[in-house]
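Visitor: Sequence unavailable; structure follows:
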């Protein structure tokens with residue numbers, strides 16, 4: 001098992017009750033990257049009957065967290081944003097994929113693209129993390 005897998009699966013996801021409640025499945029992990037998938041359920045909708053924006057945001061945020069911590073040092077978000085580009089319905093299968101854009105000793109910037117089962121982009125997330133000196137293992 002790689003360092004990224006050990007951190008993501010054994011240290012983070014195993015204790016992440018919210019990601020578990022979302023039904024997130026880890027598809028891929030690696031240094032500075034992660035790929036997650038989940039299915040939108042009825043209890044995730046807003047008053048208009050479509051997925052609450054916080055659902056795609058939360059999927060992207062978990063993807064961001066797993067990718068940014070994959071190098072072995074504890075990283076926490078200091079700034080995030082999302083653009084919702086299409087509506088999300090009950091039953092949609094969402095995939096989030098994180099890519100590290102830049103990194104220094106103390107900060108890193110990531111881009112997370114969220115797509116649906118038709119490979120349509122439904123959200124574009126950007127996040128910056130502070131990288132602590134504390135190690136996961």
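Guide: Received, thanks. On a predicted model such as this, the values are computed, not experimentally measured, just so you know.

Visitor: Please report the distance of the most centrally placed residue in the chain from residue 133.
Guide: What sits nearest the mean C-alpha location of the chain, by CA atoms, centre = their mean, is residue 63, with 1.8 Å. According to CB to CB, to the nearest Å, residue 63 and residue 133 sit 24 Å apart. In short, each C-beta sits where N, CA and C put it, glycine included.

Visitor: now do residue 8
Guide: 20 Å.

Visitor: Then residue 34?
Guide: From residue 34 to residue 133 the distance is 22 Å (CB to CB).

Visitor: quick one on the thing from earlier: out of residue 8 and residue 133, which sits in the busier spot?
Guide: Shown here are residue 8 and residue 133; by other CB atoms under 10 Å, residue 8 has more neighbours (26 against 8).

Visitor: got a pLDDT number for that one?
Guide: You'll see residue 8 listed with a pLDDT of 88.

Visitor: Regarding it, what is its secondary structure?
Guide: helix (DSSP: H, G, I helix; E, B strand; the rest coil).

Visitor: quick one, what contacts it?
Guide: 26, 29, 34, 66, 69-70 (CB atoms under 8 Å, 6 or more residues apart in numbering).

Visitor: In a markdown table: those, plus pLDDT.
Guide: Formatted as a markdown table, the contacts of residue 8 follow (pLDDT from 0 to 100):
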| residue | pLDDT |
| --- | --- |
| 26 | 97 |
| 29 | 95 |
| 34 | 97 |
| 66 | 96 |
| 69 | 96 |
| 70 | 94 |
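
Visitor: Between all of these, which two are at the greatest distance?
Guide: For those, the farthest-apart pair by CB to CB is 26 and 69; their separation is 12.9 Å.

Visitor: Looking only at neighbour counts, state which of those two leads.
Guide: residue 69 (22 against 18).

Visitor: The closest residue to the more buried one other than its chain neighbours - how many residues pack around it?
Guide: Nearest non-adjacent residue to residue 69, counting by CB to CB, 6 or more residues apart in numbering: residue 75, 5.1 Å away. A count of nearby residues for residue 75, using other CB under 10 Å, gives 26.

Visitor: In three-state terms, label residue 71 for me.
Guide: Strictly by three-state DSSP, residue 71 counts as coil.
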